[in-house]
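Asks: got a sequence here, can you build the structure:
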Amino acid sequence: MRTIAELNMLLRERIELPTGLKLATEEFREGWNFVRAGDAPRLKKKIQTRGWNFIKIADGALRSGVGDTSQLAVASALELALRRISEDFNAVEVEHIELTQYPWFFLARVRIYPYRIQQGTVQAVPNEEMPVPMAARPRRLPPQAAELFPNFGSAMPMLKQMLVASRNSQARMQ
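Replies: Numbers count the residues shown, from 1 in each chain. Now for the predicted structure:
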């Protein structure tokens, strides 16, 4: 098994790459392959010199995994993190690996960042992924709030009274 380290790049199996760009890859799991030689800056340079775009997305995925060895724990965490990457992204970079050794197992925390490799500069967003605008929340309660919620604000005194009564009844029982 390949040693998984920070700054490793992974590509989806069926990724479209610029014409003439051949990358040596090594199979990982579930449709993802490691790029054998190269990190994100090298891959970005190769892609951009061919007129394509290499776009990093700000939000990463952080997952934990366990294993009998440190590499099995990292592979487990990486596999879980890759499952969280949308189909819209076709590359990821292993940004951070944190290992903790326990007496019988290793715990790994892995953070990956998704990338999009594409020819054009604009990516169409499917309708189901379009953000839905939210209405602004009113800053004040409506004038009829006291009628709508007659017990608003009175829960704390009632809870305090119940707690005191509960303590008194328990003290009497002893």
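Asks: relative to residue 19, how far out is the nearest residue to residue 89 once chain neighbours are set aside?
Replies: Excluding the flanking residues, the one nearest residue 89 by C-beta to C-beta, 6 or more residues apart in numbering is residue 114, at 3.7 Å. All C-beta atoms are positioned from the backbone trio N, CA, C, and that covers glycine. Computed as C-beta to C-beta, to the nearest Å, the residue 114 to residue 19 distance reads 24 Å.
Asks: who has more neighbours out of these two?
Replies: Comparing residue 114 with residue 19 by other C-beta atoms under 10 Å, the one with more neighbours is residue 114, at 22 against 8.
Asks: ok, residue 86 to residue 61 distance?
Replies: Counting by C-beta to C-beta, the gap from residue 86 to residue 61 is 10 Å.
Asks: residue 103 versus residue 16, what's the distance?
Replies: 47 Å.
Asks: the two: which has the busier surroundings?
Replies: Comparing residue 16 with residue 103 by other C-beta under 10 Å, the one with more neighbours is residue 16, at 11 against 4.
Asks: which strand or helix spans residue 94?
Replies: Assigned by DSSP states H and E, residue 94 belongs to strand 91-101.
Asks: pairing partners for the helix or strand following that strand, with directions?
Replies: Using DSSP H and E, the helix or strand that follows strand 91-101 towards the C-terminus is strand 106-118. Strand 106-118 sits in its sheet next to strand 53-56 (antiparallel), strand 61-67 (antiparallel), strand 91-101 (antiparallel), going by DSSP bridges.
Asks: specify the beta-bridge partners of the most centrally placed residue in the chain.
Replies: Centroid check for the chain by C-alpha atoms, centre = their mean gives residue 61 as the closest residue, at 2.4 Å. Note on residue 61: beta-bridge partners residue 112, judged by DSSP bridges.
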